[in-house]
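Q: return atomic coordinates for the entry below.
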Amino acid sequence: MLYIRAGYIKEKFNSSVYNDPLEAMGNIFGKRVTKDDDVIVLLGPTGAGKSTFLNSALGEDVARVGTTLSSCTSEVQIVKCPIPGARRQVALVDTPAFNHGNVKIADIEKMIKKGLKEMYKRQIKVAGILYVHRITDVRMTENPIRHLDTFHELCGGNQPAHKVILTTTMWANIDEETGGKRERELKDGCWKPMASQGSRVMRYHDTSESARDIIRTLVG
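A: All right, here's what the predicted structure looks like:
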């Protein structure tokens, strides 16, 4: 498990220090993720459940989970995650929220692109992107179509929307009828441009198997 932030990186077995998070991003992506890994990047607004999804997929609590609307992830977290049924090992990358109060969207995108530059040097490709959204939200806090250019770069410029799964969370906190209505509104509204280009919409039900099923859709 790796955490990347200004001045500090914590790894489960080793530690390194970088004064610049962009430098850290490039070094970690370039050296710790290999071309034998299927890399999946988790994106989304504050409190959408990215860290919870990561913990579920791994089957243990390694990523910090926030209990308030302030973002708990202010750094990049990378977890190697063996997924039953997947052909290769999966590397899940949890990123700061696009609406993180202390980190600008432009800085987050720079952080990601810095890592991509190092990855491409080593022939490492992103297998897919999970954009996470709370189904309990009445309004969209971030529209993923705004970040299509970033998705495009993450996926190497080849059918970026096809490699994006629009993942809804918090289904235990809403009744099926209301949740289903909001899901249809997303598909017919804000998410329609992405879906029309090949993005899929899937539900995460707060279980390990649900998280792994979504991952297998990208890498299976």
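
Q: now the phi/psi pair for Ile40, please.
A: Per-residue torsions, Ile40: phi -120, psi 130 (degrees, to the nearest 10).

Q: just checking, it touches Tyr131?
A: No. Ile40 is not in contact with Tyr131 according to CB atoms under 8 Å; the separation is 11.3 Å. C-beta: built from backbone N, CA, C; applies to glycine.

Q: all strands for the protein, in order.
A: All strands of the chain, identified by DSSP state E, fall at 2-5, 8-11, 15-16, 37-43, 76-81, 89-94, 126-134, 164-169, 200-203.

Q: circling back: overlap in contacts, Ile40 and Tyr131.
A: Counting by CB atoms under 8 Å, 6 or more residues apart in numbering, Ile40 and Tyr131 have no common neighbour.

Q: what about stretch 76-94, average pLDDT?
A: Per-region confidence: stretch 76-94 scores 85 on mean pLDDT.

Q: tell me which residues of it come out buried.
A: 76-81, 83, 86, 90-94 (16 or more other CB atoms under 10 Å).

Q: repeat for stretch 178-186
A: Under the neighbour-count rule (16+ other CB under 10 Å), stretch 178-186 has 179, 182-183, 186 buried.

Q: which residues touch it?
A: 133, 135, 137-138, 140, 166, 168, 171, 174, 201, 203.

Q: quick one: which of the residues you listed is nearest Pro160?
A: Nearest to Pro160 among these is Leu166, at 12.9 Å by CB to CB.

Q: wait, doesn't that closest one sit right on His133?
A: Yes. In this structure, Leu166 is within contact of His133 by CB under 8 Å, at 6.8 Å.

Q: right, I'll call it a day here.
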